[in-house]
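Trainee: Please find the sequence and the predicted model below.
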Amino acid sequence: MSDKTKFEIEFVIQSSPQLLYQYISTPSGLSEWFADNVNSRGELFIFIWDGTEENAKLLKRKSDEFVKFAWEENDDDSYFEMRIIVDEITKDVSLFITDFAEDDEIDEAKMLWENQISDLKQVLGSK
């Protein structure tokens, strides 16, 4: 298996960090925009798309700041993280995504995130 490459993208989201955190850290919040349905048992999150399940382990979280997951099927150190960043001066809220993909799939992975975040913004009523 080839090594995956880490990539990061940032999205400005008009929302409070507290509300945004609910949408990135809870099964009910994630099923509003990230997957068709999300269930959790403790640290295990089950994401369902078109009837297909994928399991991710919640590696780390800090309230109103970030969540970090790793797909169970991955046999490497890759993960995906959603981090909320508030600009000290402007108070703008950004969602900073860190993810991994094969070199030839990075553009596709970024596009997937852009679509997902577009759905998230719609749910939040953000532009």
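Mentor: Done, it's in. Residues are numbered from 1 along each chain as shown.

Trainee: Phi and psi next, for residue 66.
Mentor: Per-residue torsions, residue 66: phi -160, psi 160 (degrees, to the nearest 10).

Trainee: In contact with the residue sitting nearest the centre point of the chain: list those residues for me.
Mentor: For the chain, the residue nearest the mean C-alpha position is residue 82 (4.7 Å; CA atoms, centre = their mean). Each residue near residue 82 by CB atoms under 8 Å, 6 or more residues apart in numbering is listed here: 24, 66, 67, 95, 96, 97. Where C-beta positions appear, they are placed from N, C-alpha and C, glycine not excepted.

Trainee: what about it, which helix or strand?
Mentor: strand 80-86 (DSSP states H and E).

Trainee: quick one: average pLDDT of the following helix or strand past that strand?
Mentor: Beyond strand 80-86 on the C-terminal side, the first helix or strand identified by DSSP H and E is strand 93-101. On average, the pLDDT along strand 93-101 is 97.

Trainee: now what about strand 93-101, what contacts it?
Mentor: So strand 93-101 is contacted by 4-17, 20, 24, 76, 78-87, 108-109, 113, 117, 120 (CB under 8 Å, 6+ apart).
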